[in-house]
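Enquirer: below: sequence and its predicted model.
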Amino acid sequence: TFRPSGTLTGNAFMKMLLGALGYDSSIEHYTGSNWQVNVVKQAIGIGLKDGNDEFVGSKAVTRQEAALYALNMLKATMVEYDTKSTVVVGDVQISTSSTRTDVSNENGRTDGNIKDDDKMQFAERYFDDLKMEGGSDDFGRPANVWTYKSDEVGTYAKASDLVATFTSKVTSADVYDAVGKAVYDSLDDGKSDLVSYIDGVKTDVKAADVDDYVEKNNTTKVNDSGNGMLTEVYVDDDNNVTIVSINTYVFQAVSDYSSSKDSVSLTTAGDTNITLSDNTLDGDDFDIEDIKADDYILVTAVKDGSRYDVKTIAVAEVVTGTVNSYKSEDSVTIGDTTYKYSLTALRS
């Protein structure tokens, strides 16, 4: 049914995407009382819901979810059936088919614009000018780089390779627990590589140093990890490990945003100063005009030689209440919640 004013459930949208990829609704049993089960099983199996761990097929899809699932479909492999026929015996209709197979790239093409696997992904059939290549983002995360013709669409970290996220101290044992014995053995044998980045700067990790980053029961702290530093661990299909650490720097506004100068000045307790203007972040949706004197501002940045390129800006959340306990340079407890100091916190 059309129902133009109705909503579309996740299950129904997944069924549409599977149909576009070549899956036959009658053969795959996408009809009848159990159609939702069969659709979801197939959709999950080929990665259509990747990126949304909260998928509930009976709920209406949001625009954000629809965009995510459609993107996953662009990267999914198309399918076909060798033979398909319908035989009617009396009042009984019998459908027969051979084994479902993946569609091969046309004309012997092996350098697919989405994936070099000799198979036809949806975008390889319908969007020749759209291309996805492996790369990394500014912080060093393994990423997919999307381009359309000569224009870059964007660079996006590979969520499928992310195995662990930390926001406090990280030890070599923590990383070992995240990647597992097989990956550690591969690193130890030199069959795979380990790289580490701090604020976008690569740290060369020699084979002899691997245990400082990945080892069972080793309490060695990885990099300068601690509160306020985001540490992410990525493992690719070849067991290569990438550890990315990103500091969140805490600044305070010296004064209100200046409309005449179109900028605002920030400082830290250590007198590190930066000036933000509307063009600090190209395309960012943060409005610096809202910054007021004494606001605490959270900044992430990539180190480039002696300077930093700002990547994200946000106003820190303010929590008020009765302080029940306070530990100098460590933490403060308000109500029942204890707040730990950031590595880069202003001390006062």
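Expert: Arrived safely.

Enquirer: drop to CA atoms for contacts and neighbour counts, all remaining ones
Expert: Fine.

Enquirer: run a quick neighbour tally on Glu296.
Expert: Actually, residue 296 is Tyr. It isn't Glu. Residue crowding around Tyr296 was assessed by other CA atoms under 10 Å; the count is 23.

Enquirer: need the contact list for the closest residue in space to Val315 that isn't next to it in sequence.
Expert: Take Val315 and drop its neighbours on the chain: the residue closest to it by CA to CA, 6 or more residues apart in numbering is Ile297, 4.6 Å away. Going by CA atoms under 8 Å, 6 or more residues apart in numbering, Ile297 touches Val250, Phe251, Gln252, Ala253, Leu266, Ile313, Ala314, Val315, Ala316.

Enquirer: quick one: Gly19 is in a helix?
Expert: Yes. Under DSSP: H, G, I helix; E, B strand; the rest coil, Gly19 sits within a helix.

Enquirer: quick one: it and Ser25 touch, right?
Expert: Yes. Using CA atoms under 8 Å, Gly19 makes contact with Ser25 at a distance of 7.0 Å.

Enquirer: how are the helices of the stretch 51-200 of the chain distributed by residue range?
Expert: 63-75, 122-126, 172-179, 181-188 (DSSP state H, counting those that start in this stretch).

Enquirer: where does the stretch 101-250 of the chain dip in pLDDT?
Expert: For the stretch 101-250 of the chain, the stretches flagged by pLDDT under 70 are 107-111.

Enquirer: follow-up on the earlier one: out of the contacts of Ile297, grab the one that's most surrounded.
Expert: Highest neighbour count within the contacts of Ile297: Phe251, with 27 neighbours (other CA under 10 Å).

Enquirer: for that one, which residues make a bridge with it?
Expert: Ile297 (DSSP bridges).

Enquirer: return the residues in contact with it.
Expert: Listed by CA under 8 Å, 6+ apart, the contact set of Phe251 reads Leu266, Thr267, Thr268, Tyr296, Ile297, Leu298, Val299, Leu346.

Enquirer: recalculate using a threshold of 7 Å.
Expert: Phe251 is in contact with Leu266, Thr267, Thr268, Tyr296, Ile297, Leu298, counting by CA atoms under 7 Å, 6 or more residues apart in numbering.

Enquirer: check it and give its pLDDT.
Expert: The model reports Phe251 with a pLDDT of 87.

Enquirer: who touches stretch 88-108?
Expert: Residues contacting stretch 88-108 (CA under 7 Å, 6+ apart): 77-87, 118-120.
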